[in-house]
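K.L.:
Give me a 3D structure for the following:
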Amino acid sequence: MIDFSVKPILTGDHVVLRPTTEQDAEAIAEILTDPEVLTFTGTPAGDPAPSLDFLRSWYGSRADLTDRLDLALVDRASGETVGELVFNEWDEPNRSCNFRTLVGPRGRDRGLGTEAIRLFLAHGFERVGLNRISLGVYAFNPRAIRVYEKVGFVREGVEREALLHEGRWIDSVTMSVLAREWAVHRGHPS
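P.N.:
Residues are numbered from 1 along each chain as shown. Predicted coordinates:
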């Protein structure tokens with residue numbers, strides 16, 4: 001049986017991915033107020049932000065779960081938590097799960113997200129034994145779509161008009177990467 005009971009520390013040239021803790025709550029709280037994060041996660045305008053107490057409890061409890069993996073994205077240069085990466089919605093019999101990521105303003109436009117996703121996917125395929133990792137991304141987030149394609153995700157389909165944002169309907173793009181694809185390109189498709 002495979003599961004997410006092992007909570008690794010994954011180290012790259014510019015990032016460290018490590019299990020989340022209560023101490024990540026303040027950094028994540030700040031990230032969750034960023035207008036870009038709110039827009040691209042589809043958070044309705046005016047929704048209250050989660051309390052610091054809730055976030056401390058949430059991030060402090062992730063290490064105990066075997067059906068998901070939550071890792072903090074840490075900028076090695078500054079030591080700051082600048083985001084998170086998550087495997088969730090685990091489908092054990094089919095060795096598949098959903099992937100999501102959150103990168104705040106201090107982690108953007110420096111390649112940290114790309115490096116972090118490659119490390120995380122390598123762990124999922126090479127250590128955990130996943131066969132399929134999928135995600136959904138809103139079509140009005142071309143930067144994220146570019147990064148996902150850059151690391152090997154392939155567009156599978158579109159959920160039409162999945163989000164009503166500022167009076168406009170936005171599609172959601174479904175993407176995935178398979179173990180057999182990863183084995184060929186290891187996050188660097190041609």
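K.L.:
hey, let's count contacts and neighbours off CA atoms from now on
P.N.:
Will do.
K.L.:
most centrally placed residue in the chain?
P.N.:
The centroid of the chain falls nearest to residue 101 when counting by C-alpha atoms, centre = their mean (1.9 Å).
K.L.:
Cross-check the contact I'm expecting between it and residue 88.
P.N.:
No: using C-alpha atoms under 8 Å, residue 101 makes no contact with residue 88, being 10.9 Å away.
K.L.:
before we move on, back to that, what's across from the residue nearest to the centre of the chain in the sheet?
P.N.:
Beta-bridge pairing for residue 101 (DSSP bridges): residue 85.
K.L.:
what does the model give it for pLDDT?
P.N.:
Residue 101 carries a pLDDT score of 97 in this model.
K.L.:
got the buried residues for the helix or strand bottoming out on mean pLDDT in the chain?
P.N.:
Ranked by mean pLDDT, DSSP states H and E, the weakest helix or strand in the chain is helix 35-40, scoring a mean of 92. Within helix 35-40, the residues scored as buried using 16 or more other C-alpha atoms under 10 Å are 37-40.
K.L.:
Could I have the CA atoms of the next helix or strand after it written out in CSV?
P.N.:
Following helix 35-40 in sequence order, the next helix or strand is helix 52-61 (DSSP states H and E). Extracted as CSV, the C-alpha positions of helix 52-61 are listed here (Å, rounded to 0.1, in the frame of the first residue of the first chain):
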residue,chain,number,x,y,z
LEU,A,52,-4.6,32.9,12.3
ASP,A,53,-5.9,30.4,14.9
PHE,A,54,-7.5,28.3,12.2
LEU,A,55,-4.4,28.4,10.0
ARG,A,56,-2.2,27.4,12.9
SER,A,57,-4.4,24.4,13.6
TRP,A,58,-4.7,23.5,9.9
TYR,A,59,-0.9,23.6,9.2
GLY,A,60,0.0,22.0,12.5
SER,A,61,-2.2,19.0,11.8
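K.L.:
With that, I have no additional questions.
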